[in-house]
Each structure stands twice: as C-alpha cells, then as structure tokens.
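J.: I'd like to go over a predicted model; first the sequence, then the structure.
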Amino acid sequence: MSPLTKNDLRRIFEKLDKNGDGLVSLDELNWLLGRIEARFSLEELESLVGTPCLGFDEFIFFYDSISNQNTKTEAENDEESDIAKAFKVFDLNGDGFISSEELQSVLVRLGLWDETSGKDCRNMICYYDTNLDGMIDFQEFKNMMFPTIS
C-alpha cells in the first residue's frame with residue numbers, strides 16, 4: 001500500500017472533523033482507528049497522542065508515527081539479520097554459542113589479539129554472559145553489540 005499524500009490526509013482530516021472546528025477530537029480519531037481494528041480507550045489514546053484534540057499538522061505527525069512502524073520493523077529485521085551474520089562469524093563450530101576459544105580465534109585472525117592478555121576473552125565472555133553458562137548465546141551477543149536491542 002502506497003503512503004497517503006498530504007491531500008489525502010487533508011480530505012481524511014476534514015471528514016473526521018465533523019463539527020468543522022479545524023480540530024479532530026479523540027472521539028473522532030478513535031472512530032477512525034476502530035474502523036481499522038485498532039482499539040483504544042480514550043485514556044489510552046490521549047496518553048498516546050498527548051493532547052485532547054489534533055490540528056492538521058498534529059494529525060499528519062500522528063499518521064507519520066503510526067505509518068512508520070512498518071518501516072521500523074523492516075529496518076529492525078535487517079539489523080537482526082546483520083547481527084545474526086556477525087554472530088556466525090564468531091560461532092566457529094556452529095553450536096549457537098561463542099566460547100572464549102572461538103572469540104580468541106577470531107580475534108587472532110583479525111589481528112586484534114594480544115598474546116600477553118590471555119584472560120581477556122574469558123573476561124569479555126563473563127561480562128556479557130548473563131545466564132552464567134561460560135559462553136555467549138545469540139541474545140547475549142545482541143545485548144553486547146546493541147544494549148537497547150533485545
């Protein structure tokens with residue numbers, strides 16, 4: 001489905017604005033959302049929108065924020081795929097875990113390993129090993145790479 005133009009949004013806004021005051025009330029907005037099977041209480045909607053009614057510019061902002069959720073999901077899927085590829089680089093035996101030996105082996109290949117600091121890989125593993133199994137699983141790897149992605 002192609003995105004709506006500003007003219008499309010203007011027509012929708014004007015149809016929603018039943019009393020012609022230049023504002024779309026939460027009741028009017030909730031009616032539209034109900035038509036697309038998005039059910040909110042008025043309290044939830046006001047908390048989401050942050051105001052009891054929307055002018056046209058705020059209506060466009062609201063539309064952009066809810067329509068960009070699909071774009072965000074695609075970007076997150078791409079990011080997840082990239083993280084999975086990176087994880088596989090370190091998971092040399094393909095068992096779904098990164099051991100300190102695998103981490104060290106990859107760091108050696110990349111020229112990032114200093115032989116004088118032998119405990120570093122174990123320390124790195126321990127720092128991010130939240131389930132204390134001595135290895136990094138995929139979720140722990142994601143948390144290590146991007147602490148806000150889980």
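T.: Great, that's in hand.
J.: alpha carbons only for contacts and neighbour counts from here, please
T.: Fine.
J.: in this structure, which spans are strands?
T.: 24-25, 53-54, 97-98, 136-137 (DSSP state E).
J.: For those, state which one has the densest average packing.
T.: Burial of those is given as mean neighbour count (mean count of other C-alpha atoms under 10 Å); strand 136-137 ranks first at a mean of 24.
J.: Include distance to L45 and mean pLDDT when you put the strands of the chain into CSV, please.
T.: Converted to CSV, those look like this (distance: least, C-alpha to C-alpha, whole Å; pLDDT from 0 to 100):
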stretch, distance to L45, mean pLDDT
strand 24-25, 11, 91
strand 53-54, 10, 88
strand 97-98, 43, 94
strand 136-137, 39, 92
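J.: Now L45. Nearest residue, chain neighbours left out?
T.: Sequence neighbours aside, L26 is the residue nearest to L45 in space, at 7.0 Å (criterion: C-alpha to C-alpha, 6 or more residues apart in numbering).
J.: what does T130 give?
T.: Closest residue to T130 apart from its sequence neighbours, by C-alpha to C-alpha, 6+ apart: E140 at 7.0 Å.
J.: Wait, that neighbour touches Y128, no?
T.: Yes. Here E140 reaches Y128: they are 6.2 Å apart, a contact under C-alpha atoms under 8 Å.
J.: dump the residue contacts of E140.
T.: 128-130 (C-alpha atoms under 8 Å, 6 or more residues apart in numbering).
J.: ok, it to R122 distance?
T.: For E140, the distance to R122 equals 15 Å [C-alpha to C-alpha, to the nearest Å].
J.: how about stretch 136-149: buried residues?
T.: 136-138, 140-144 (16 or more other C-alpha atoms under 10 Å).
J.: try stretch 124-139
T.: Residues of stretch 124-139 classed as buried: 125-126, 128-129, 134-138 (neighbour count, 16+ other C-alpha under 10 Å).
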